[in-house]
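K.L.:
Starting from these lines, generate the structure:
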Amino acid sequence: MKKIIFAVAIFATFSLSLNAQSVYDEIKQDPQRAAGNLHHYEAPEVVTDTPAPKGYTPFYVSHYGRHGSRYQTSTSGYKRLVPLFEELEKEGLLTDTGKSLAADIKTLYDEHDRMEGLLTLRGGQEHQGIAQRLYDRVPEVFNQPDRNTVFCVSTPVHRVLESLANFTLSLKGNAPQLRMLVLAGDRFGDYLCFDKYNRFRSMRPFAIIDSVKTERLDPERFICSVFTDTAKAMAILSRPPQQEASSSHRQMPAGAQNAPQNAQFAAMMRPRGMSASSFMSNVFSAGSIYGCLDRNNPDVFRYFTMDELYQLWYCDNMNILNSYGFTVENESGTTLTAQLVVKDILEKANSAVEGNNRAADLRFGHDTGIGPLLALLKVEGYDRVLSLSDDNLEYWPGYKYLPMGSNLQMIFYKNKKGEVLVKLLRNENETVIPALKPFKGPYYKWSELKAYLEGLVADCPM
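P.N.:
Purely as a prediction, here's the structure:
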């Protein structure tokens with residue numbers, strides 16, 4: 001017995017040491033994590049379940065999943081970098097390192113030929129794995145004689161549909177009797193990742209992000225490693241680009257096109273030449289997808305030192321948090337998106353609890369849906385509204401909180417009296433809502449969780 005207790009103590013200490021790792025250490029351990037919300041899905045090595053209270057068995061699952069690993073949604077970044085590298089090489093301005101980097105960027109560009117935004121094989125395998133582990137976790141849910149229907153909705157985007165297909169095929173392979181009902185279209189996108197409104201109410205977040213980039217990014221070593229003559233190279237890079245080749249030099253933030261300051265946003269997005277810092281950032285962005293690809297995926301991050309990679313991650317992480325979570329500066333501009341998803345969760349869960357034939361309701365969408373949803377629910381890790389200027393954003397690393405394949409699963413349990421409990425899983429790990437006291441362990445009384453969710457959507461205008 002003493003040996004067992006000692007082993008448990010060692011394991012607990014080891015777990016705490018892992019959890020205490022800094023973002024710098026975690027990125028050093030796996031540099032692909034610097035890609036933030038472009039990082040591939042890291043499945044849990046061990047699925048851990050706190051036993052349900054005695055007498056309770058699972059009967060229903062409510063799920064929202066982001067699509068799996070994909071190609072870049074646009075090749076505009078490559079279209080700008082590739083000809084610049086060609087010109088720089090022609091002028092004899094690339095070092096051997098620069099030539100190697102140019103070849104890697106060209107390889108990534110070629111690999112994206114007619115594949116922009118599509119799911120990779122890895123992305124499909126991620127969803128197969130998520131579905132398999134869900135089945136292994138609660139096989140009872142998918143083998144009920146009176147609940148044999150799985151209802152699935154998706155945005156019409158190809159990578160999301162492919163994710164849905166991989167997920168449902170995996171479930172069906174385990175339980176062939178399941179009846180899969182699948183619907184996809186813009187109608188469902190209207191609540192799965194709604195962004196047809198003013199998400200950004202001011203330019204303040206972008207001014208803060210730009211100032212932090214200026215403070216944190218030091219491109220000198222990087223550009224010296226790439227260029228034989230930095231002054232001549234920067235003269236080429238700083239030229240205003242041709243309009244037709246540069247319309248997406250900076251990607252328009254989601255929802256910005258509907259902002260009242262659209263003239264300011266248009267000015268922000270106007271094509272312009274690159275500074276040393278923006279060149280460094282553009283190379284980082286172009287290479288961020290390499291961990292999602294199945295082949296021809298050169299490691300562009302190897303051209304940065306760990307310190308540079310960490311700072312690039314930090315600046316990118318600010319933008320991810322501001323776009324898809326809640327910050328002081330974005331004034332919780334993504335609330336409506338999340339409220340629409342919560343309303344759908346409530347409606348379908350109520351029907352399942354009252355008694356229908358559904359084993360699960362599955363939703364498939366994007367980071368623009370799952371990020372705001374988790375932030376509105378205030379699950380652990382999302383339970384703070386952070387400030388871009390005042391907080392250390394290591395608290396919210398995007399590679400953990402919003403990677404490809406991010407998901408929320410709500411597993412419903414009931415006893416013979418018809419009393420219902422719910423357990424929440426974020427990326428397949430048990431989680432809690434710190435603002436709401438659980439009934440036992442990670443389990444909530446549905447009556448209390450339902451009241452909490454209803455409160456979150458009480459002021460929803462739609």
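
K.L.:
buried stuff in the strand ranked longest in the chain?
P.N.:
With DSSP state E applied, the strand covering the greatest number of residues in the chain is identified as strand 57-66. Residues of strand 57-66 classed as buried under the neighbour-count rule (16 or more other Cβ atoms under 10 Å) are 58-66. C-beta: built from backbone N, CA, C; applies to glycine.

K.L.:
With stretch 398-416 instead?
P.N.:
Within stretch 398-416, the residues scored as buried using 16+ other Cβ under 10 Å are 398-414.

K.L.:
who touches the most centrally placed residue in the chain in this structure?
P.N.:
With distances taken as Cα atoms, centre = their mean, the chain has residue 402 as the residue nearest its mean C-alpha position (2.8 Å). Contacts for residue 402 (Cβ atoms under 8 Å, 6 or more residues apart in numbering) come out as 36-37, 66, 320, 324-325, 367, 370-371.

K.L.:
Tell me the first helix or strand C-terminal of the helix or strand of the chain with the lowest mean pLDDT.
P.N.:
Of the helices and strands making up the chain, the lowest-confidence element is helix 2-19, at a mean of 35, by mean pLDDT, DSSP states H and E. Later in the chain than helix 2-19, the nearest helix or strand by DSSP states H and E is helix 23-29.

K.L.:
in that following helix, what counts as buried?
P.N.:
Residues of helix 23-29 classed as buried by neighbour count (16+ other Cβ under 10 Å): 23, 26-27.

K.L.:
same question, stretch 64-75
P.N.:
Taking 16+ other Cβ under 10 Å as the criterion, stretch 64-75 shows 64-72, 75 as buried.

K.L.:
picking that back up, let's see which of the buried residues of stretch 398-416 end up in strands.
P.N.:
Among the buried residues of stretch 398-416, the ones falling in strands (DSSP E) are 407-414.

K.L.:
Would you reformat those as CSV and include pLDDT and distance to residue 427?
P.N.:
Written out in CSV, the entries for those read as follows (pLDDT from 0 to 100; distance: Cβ to Cβ, whole Å):
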residue, pLDDT, distance to residue 427
407, 98, 6
408, 98, 8
409, 98, 9
410, 98, 13
411, 98, 14
412, 98, 19
413, 98, 20
414, 97, 25
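
K.L.:
quick one: the strands in the stretch 251-400 of the chain?
P.N.:
According to DSSP state E, counting those that start in this stretch, the stretch 251-400 of the chain carries its strands in the segments 358-365.

K.L.:
give me the low-pLDDT residue ranges for it?
P.N.:
Per-residue confidence of the stretch 251-400 of the chain (counting by pLDDT under 70) places the weak regions at 251-271, 332-333.

K.L.:
ranges for the helices of the stretch 351-462 of the chain?
P.N.:
According to DSSP state H, counting those that start in this stretch, the stretch 351-462 of the chain carries its helices in the segments 367-377, 398-401, 446-456.

K.L.:
From residue 125, how far off is residue 131?
P.N.:
From residue 131 across to residue 125, the span is 11 Å (Cβ to Cβ, to the nearest Å).

K.L.:
These two: which has the busier surroundings?
P.N.:
Shown here are residue 131 and residue 125; by other Cβ atoms under 10 Å, residue 131 has more neighbours (23 against 19).

K.L.:
Tell me who's in contact with that one.
P.N.:
Going by Cβ under 8 Å, 6+ apart, residue 131 touches 166-168, 170-171.

K.L.:
go on, residue 90?
P.N.:
Applying Cβ under 8 Å, 6+ apart, no residues contact residue 90.

K.L.:
and what of residue 358?
P.N.:
Taking Cβ under 8 Å, 6+ apart as the criterion, residue 358 is in contact with 60, 147, 149-151, 348, 351-352.
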